[in-house]
Structures are given as structure tokens and as C-alpha cells.
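# this is a predicted model, with the sequence first.
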Amino acid sequence: MEIDLELLELRVPRVYVVSDLGRTVNPTLARGQVAGGTLQSLGYALCEEVGVRPDGALLRDRFQTYILPTTLDAPQIDVALLEIPYSRGPGGAKGLGEMPMSGGGPAVANAVAHALGVRITDLPVAPERILAAMQRREGRSS
Amino acid sequence: MTRSEQMLERRWTINGEPRRVRFEPLARLLDVLREPPLELISLKEGCGEGECGACSLIIDGELQLGCLIAAAQLEDGTELLTAEGLHASALGQSLMKSYDTAGAVQCGYCSPGMLLGSYALLKRNAAPSEEQIRAGLAGHLCRCTGYSAIVEAVQRAADEAEGDEKAEEVRS
């Protein structure tokens, strides 16, 4: 991951994802699920935020305001499928599609912590949140 | 004034066929194409506000968004290409095949628009780099694939077209 230190914008040029699915049933679909879920996860981590208005309605309910990753936002996604047969699954297979959602948020937050020394605990990891965290840290140390 | 007097008429060429269409003055092109009698339902309404690209079609050689065009804007003689017409060209067939083999279609909702975007891109630039492919398709949102397989599909189709061209050169 790359961080622009002036704008605090994050960019992910490449992501490696390993998924233990027990047993691959359809390789093309399995890879597709992992790749797609990984980008969803990165969108969740970097640019997607719904928000709720005070009256309970959704704040960002259109593509114009709820930002999904485009081809230009998407990194190169390298998928590896790991087959450790799961004795209780059909033919040793396990669930696959939900798992990629878990990784993006922590990976991005950990990268930011590693690079800048601030811990972000809300998604998306937006520049405003990084700035606020850096200012809070500076407030404490001054 | 009766309702029928308020309808507009046009003669367009749609996917190579001359068609006569009738629609209300403010009808969106997307609706005129999707509804009976044309029923070109490859065009999808993903947002209705020009953000997602699912309603894309090619009008007189240019990729456009059906949700943002009033049908009345298109004059007689306009040529339209939708995904239903891709089978009629070698490039269209090649793209559909490479999308299939590369796993570039999951739910399929973005696919017609994405295919037309790919078609328009390869017509403009027969040998695009990955960056150029991504830039060329940035107007088409896909939630399912993460775009990797789509980029690969376009690369494969471009390579195949280049291979065909080289074979043609050798033969002639």
C-alpha cells in the first residue's frame, strides 16, 4: 500500500489473497469469488461509507455518493487457493465467498499503523480519519 | 389533442436492422429500447444517473449512456449497437468468448455495458496496455469480479485480434 503524505490518500497497487476453501469445486468461479470479495473488502476499507441521517434515512444511497471501486481503483489481485480438506464439508469443501470480506479492513488499518504509527478503528480508513488520529497523537505529545 | 398525437416517431438502424420507433416526447432512450416492442433488455438500469455504465450502447460509433439521453435527441438514420448485436462482428464474438473463458461474467448485470465498453475500446486502440484497458472501462461499475478477469478477457480478445491480423498479413 502507498500513502501520499500530503493528501493522506491511500493506494493499493497489488494485493495477495490466500483462501483455504477445503476443496475447489469450480476453479474459475472460486477465483472469481475471491477476487470480487477482495475488492469489495478494499472498497469497504477505503472508499465506501453509507452514513445515516438524523431522521434515520440513508445518507449516501446512490452511486454518485456511495463510492464503489472502479477499474482504476482496483489493484492487481493475486489469488491463491489452498485446499486443506474439511472433513465435515461435501467432498471436503468449505464456504468461500464471505471470507474475502474479512481481510481488507484490518490489512489497510495495519498498513497505516505500520507506516504512520496511528491506529484507525473506523472504516473507511479515510484521509480525514487519518489526519484526526495524527492530530490527536500530536495533541497528546505536546 | 389525443395521446397518440403526442407521440414521436423515428427510423433508426438497430443492430443492423432498420426499425421504426414511437415514443412519448420525454421518453428516455433506455426505456424506449428496453420496453416492447424492441425489448433490448441487455441494457440495464443500474442507477439512472450516469454513474454505473450498465445502460451503455454505441450510437453512431460512440459509446453513450442510455439513461441520460432523450430518445427524441436521436434523428432518423441513427445507428445503434447494443450487446444483442455483438454476435454480428468478429470482435464482438471474440470478446464474448474471452469473457466466458476468463471468468469475466459473474452475475452478468454489468456485462452488456462492459462488453460494449470493451468493444469501443478495442476499436479505438487495438493493443491497449493494462492501464489503458482500466482507464477505458472505468465508467463501468462491477461489484462481482474485482475487474481482474475482465481486464484479462479484453487482453485475450486484443491478442486474438492481433493474431488474426498477423495471420491475414502472412496469407496476403
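That came through fine. Numbers count the residues shown, from 1 in each chain, chains lettered A, B, ... in the order given.
# and the residue nearest in space to the middle of chain B, how close does it get to A:Gly95?
Residue closest to the average C-alpha location in chain B (CA atoms, centre = their mean): B:Leu116, at 3.1 Å. Shown here: B:Leu116 relative to A:Gly95, a distance of 35 Å by CB to CB, to the nearest Å. (C-beta placed from N, C-alpha, C; glycine too.)
# need the residues of chain A near chain B, please.
Contact residues (CB under 8 Å from any CB of the partner chain) of chain A with chain B: A:28-29, A:31-33, A:35-40, A:62-64, A:68, A:70-72, A:74, A:76-77.
# name the helix or strand of chain A that has the lowest mean pLDDT.
Taking mean pLDDT, DSSP states H and E as the measure, chain A has helix A:127-141 as its least confident helix or strand, at a mean of 91.
# which residues of chain A fall in helices?
A:27-46, A:104-116, A:127-141 (DSSP state H).
# out of those, nearest to B:Ser129?
With CB to CB as the criterion, B:Ser129 lies closest to helix A:27-46 of these, at 20.3 Å.
# only C-alpha atoms, please: export that closest one in CSV.
Extracted in CSV, the C-alpha atoms of helix A:27-46 (Å, rounded to 0.1, in the frame of the first residue of the first chain):
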residue,chain,number,x,y,z
PRO,A,27,-11.7,-23.1,-10.2
THR,A,28,-12.9,-20.2,-12.4
LEU,A,29,-15.8,-19.4,-10.1
ALA,A,30,-13.8,-19.9,-6.9
ARG,A,31,-11.1,-17.4,-8.1
GLY,A,32,-13.7,-15.0,-9.2
GLN,A,33,-15.4,-15.1,-5.8
VAL,A,34,-12.2,-14.5,-4.0
ALA,A,35,-11.1,-11.7,-6.4
GLY,A,36,-14.5,-10.0,-6.2
GLY,A,37,-14.8,-10.3,-2.5
THR,A,38,-11.3,-8.9,-2.0
LEU,A,39,-12.2,-5.8,-4.0
GLN,A,40,-15.4,-5.4,-2.0
SER,A,41,-13.3,-5.7,1.1
LEU,A,42,-11.0,-3.0,-0.1
GLY,A,43,-13.8,-0.7,-1.0
TYR,A,44,-15.2,-1.2,2.5
ALA,A,45,-11.8,-0.3,3.8
LEU,A,46,-11.0,2.7,1.6
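# one step back: mind giving me the PyMOL select for the residues of chain A next to chain B, buried ones only?
Here is the PyMOL selection string for the buried members of those, based on 16 or more other CB atoms under 10 Å in any protein chain shown:
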select buried, chain A and resi 31+32+33+35+36+37+38+39+40+63+68+70+71+74+77
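# and A:Asp4, how many neighbours does it have?
Residues within reach of A:Asp4, counting by other CB atoms under 10 Å in any protein chain shown, total 10.
# who's in contact with it?
A:10-11 (CB atoms under 8 Å, 6 or more residues apart in numbering or on different chains).
# any idea how far it lies from B:Asp31?
A:Asp4 is 43 Å from B:Asp31, by CB to CB.
# equivalent analysis for B:Leu141, please.
Distance from B:Leu141 to B:Asp31, by CB to CB: 21 Å.
# same drill for the two, tell me which one is more crowded.
B:Leu141 (22 against 16).
# in space, what's closest to the more buried one - neighbours in sequence excluded?
Spatial nearest neighbour of B:Leu141, excluding adjacent residues (CB to CB, 6 or more residues apart in numbering or on different chains): B:Cys52 at 4.5 Å.
# show me where pLDDT drops low in the chain?
Using chain A. Within chain A, the segments meeting pLDDT under 70 span A:141-142.
# actually it's chain B I care about, not the one you picked
For chain B (pLDDT under 70), the answer is B:1-5, B:172.
# good, wrapping up.
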